[in-house]
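**Q** take a look and give me a structure for this.
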Amino acid sequence: SSRKWKMFGSVPIPGAGNDGNSLDVWFSADGVHWQEPAFDSNASRAVLGKRKGGDTHNNLYRIGNERFGAVTRLDNFSSSNLRGVGLSTTADFQEYTPAKQVLLGATHNQTYGMQVVPWGGADLYIGSVAVYDDYGARAGYGKVYNELAVSYDGLSWERLLPGSVFVPHGLPGSFDSFTIYSAKPLRDPYDGSIRMYYSGGDGPHSGIRADCLGLAHFHSDGFAGWRVQASATEGLVRILPNSRYPARTHSH
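**A** This next block holds a predicted model:
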């Protein structure tokens, strides 16, 4: 009962700079009063291995009936400092497996972090992936957008349409014109629609910006949509085959 609530996140190591973040775990009986961290530096290194200490430890989610997934950000030791999404698992919220890389983007479109929620049953997981687009970042134009990922077991992940933005940036000058970091999607209990809260920024990833809370709203199970271009008279949608569904084509 003293560990009814769990919290998983990062703590800066004093004097270690940007790369000096370690993982920590906290427990609470009521969600208000929290115990001292249950982790130590050895436990943190066991999860991150020889990676740098990431600063994007997103959330815990249930995988089946006996374990949970913990999403973290992994930085490769390379000249490009390529970011990746890592996944560790736990059964007791205190012992965690070493994080394994489950998503990796490209040099100029790096998978930054991911929010995960089981959706519609035990065999479907939806991920909202933050992607860092650093084209022109040195000139102050680095942006962060988010896209969809899916998993059928909570362990293996696939980006549905790499480069396709899920929650679009706002118009130039708006509060979310540069960066979007989403929370996990939630189903509205009143009408079944989808709510996704997010942090929107009006400046570049590595520059000066103001961040505000935003809300994207979708109809029930409306994670994907399509439309015909204004100048077109006909559109074609092809659903690619996978292990569960055959290929299908729809015209309009």
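**Q** ranges for the strands of the stretch 151-252 of the chain?
**A** With DSSP state E, counting those that start in this stretch as the definition, the stretch 151-252 of the chain shows strands at residue ranges 158-159, 179-182, 186-187, 194-201, 211-218, 236-239, 248-251.
**Q** dump the ones you listed to a markdown table, plus mean pLDDT and distance to residue 171.
**A** In this view, the C-beta of every residue, glycine as well, is placed from N, C-alpha and C. Converted to a markdown table, these look like this (pLDDT from 0 to 100; distance: least, C-beta to C-beta, whole Å):
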| stretch | mean pLDDT | distance to residue 171 |
| --- | --- | --- |
| strand 158-159 | 94 | 26 |
| strand 179-182 | 92 | 14 |
| strand 186-187 | 88 | 26 |
| strand 194-201 | 94 | 12 |
| strand 211-218 | 93 | 13 |
| strand 236-239 | 72 | 28 |
| strand 248-251 | 54 | 31 |
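**Q** please identify the most buried of those strands.
**A** strand 179-182 (a mean of 24; mean count of other C-beta atoms under 10 Å).
**Q** what helices or strands is that strand leaning on?
**A** Helices and strands touching strand 179-182, by 3 or more C-beta pairs under 8 Å, 6 or more residues apart in numbering; DSSP states H and E, are strand 125-133, strand 143-151, strand 194-201, strand 211-218.
**Q** next, the buried residues of the second one.
**A** Translated: strand 143-151. Judged by neighbour count (16 or more other C-beta atoms under 10 Å), strand 143-151 contains these buried residues: 143, 144, 145, 146, 147, 148, 149, 150, 151.
**Q** one more: stretch 166-175?
**A** Residues of stretch 166-175 classed as buried: 166, 167, 169, 175 (neighbour count, 16+ other C-beta under 10 Å).
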